[in-house]
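Peer 1: with the sequence up front, the predicted model follows.
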Amino acid sequence: METNTIIHIEDVAKIYQMGVEKIHALRSVSLDIGKNEYIAIMGPSGSGKSTMMNILGCLDTPSKGEYLFEGESVAEMNDNELADIRNRKIGFVFQTFNLLARASTLKNVELPLVYAGLKKDERQKRALDALESVGLGDRTHHKPNELSGGQRQRVAIARALVTRPSIILADEPTGNLDSKTGVEIMRLFGELWKKGNTVILVTHEEDIARHAHRIVRIRDGMIESDTPNSSHVNI
């Protein structure tokens, strides 16, 4: 494994038992992701890409195979260690934003720092810095229903950034946005990559995947292709 590899999975499979039927969501998948890569994981619905995302994000565990995160075996980690990775090392961005409806923008962004045990003053400062970085420093007291879809996704990205993670893991991040707003969000991911983050996009949309520098295509639970994207979109 190369020294700059953050994620190493080898011969990973995921099998779900649905009654008497076994569903093979992933079959013998191997993949390395390095520091400061910008990668898209693509595939149609049912291809296994969401299962892949859940495993990469330590939200689920493989049925078989090896997953090393920063050189350490995920299988040997306890629940607290896995939660620590999810809270400090990986920033999650979801299609549905997953914001607390009754909480202000600032409180939504602070939330991961509450779990991390930071004091109130430090939480607020870091949350404000994160909101400033996505262009929403003037929306700290707004509730999610007072924001546009694009602004809500920016709040979700600020929440992902507030723990200063090394990896941004985004699942269909523009799926609920119009195309113009989607372009703005993709520009923001490009800026995060330029600042040194590893960006992993999970998408079924070709025009979103084109922003990445490497595209991994999944079909029927297996990697169909893994190629550099020399014509990635710069915006």
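Peer 2: Happy to help now that I have it. The model shown is predicted, which means the values in this text are computed figures rather than measured ones. Numbering: from 1, shown residues only.

Peer 1: so where's the chain shaky on pLDDT?
Peer 2: Scanning the chain with the threshold set as pLDDT under 70 gives 1-3, 235.

Peer 1: strands of that one, start to end?
Peer 2: Applying DSSP state E to the chain gives strands spanning 5-18, 21-34, 38-42, 64-69, 72-73, 90-94, 167-171, 198-203, 214-219, 222-228.

Peer 1: and Gly71, how many neighbours?
Peer 2: Residues lying near Gly71 (other C-beta atoms under 10 Å) number 10. (Each C-beta comes from the backbone N, C-alpha and C, glycine too.)

Peer 1: Pro112 now?
Peer 2: Neighbour tally, Pro112, other C-beta under 10 Å: 24.

Peer 1: excluding sequence neighbours, find me the nearest residue to it.
Peer 2: Thr163 (5.0 Å; C-beta to C-beta, 6 or more residues apart in numbering).

Peer 1: and Glu66, what does it touch?
Peer 2: Neighbour list for Glu66: 8-12, 73, 75 [criterion: C-beta atoms under 8 Å, 6 or more residues apart in numbering].

Peer 1: quick one, what contacts Pro173?
Peer 2: 93-95, 153, 157, 185, 189, 201, 203, 208.

Peer 1: how about Thr181?
Peer 2: 148-150, 153, 174.

Peer 1: quick one: which of the residues you listed sit in helices?
Peer 2: 149-150, 153 (DSSP state H).

Peer 1: ChimeraX command to pick out the buried ones of the residues you listed?
Peer 2: What follows is the ChimeraX syntax selecting those of the ones in helices among the contacts of Thr181 that are buried according to 16 or more other C-beta atoms under 10 Å:
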select :150,153
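
Peer 1: for the lengthiest helix in the chain, buried residues please.
Peer 2: For the chain, the longest helix by residue count, based on DSSP H, is helix 179-194. If you call a residue buried by 16+ other C-beta under 10 Å, then helix 179-194 has these buried ones: 181-183, 185-186, 188-190, 192-193.

Peer 1: can I get these in JSON lines with distance to Glu122?
Peer 2: JSON lines is the format used below for these (distance: C-beta to C-beta, whole Å):
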{"residue": "Thr181", "distance to Glu122": "32"}
{"residue": "Gly182", "distance to Glu122": "33"}
{"residue": "Val183", "distance to Glu122": "34"}
{"residue": "Ile185", "distance to Glu122": "28"}
{"residue": "Met186", "distance to Glu122": "31"}
{"residue": "Leu188", "distance to Glu122": "24"}
{"residue": "Phe189", "distance to Glu122": "26"}
{"residue": "Gly190", "distance to Glu122": "29"}
{"residue": "Leu192", "distance to Glu122": "22"}
{"residue": "Trp193", "distance to Glu122": "27"}
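
Peer 1: show me what contacts the spatially most central residue of the chain?
Peer 2: The centre of the chain sits closest to Leu169, judged by C-alpha atoms, centre = their mean, with a distance of 1.2 Å. By C-beta under 8 Å, 6+ apart, the contact set of Leu169 is 53, 56-57, 90-93, 200, 202.

Peer 1: which of those lies closest to Lys35?
Peer 2: Ile200 (12.2 Å; C-beta to C-beta).

Peer 1: give me the neighbour count for that closest one.
Peer 2: Neighbourhood size, Ile200 [other C-beta under 10 Å]: 26.

Peer 1: does it touch Ile167 like I think?
Peer 2: Yes: under the contact definition of C-beta atoms under 8 Å, Ile200 touches Ile167, with a separation of 6.6 Å.
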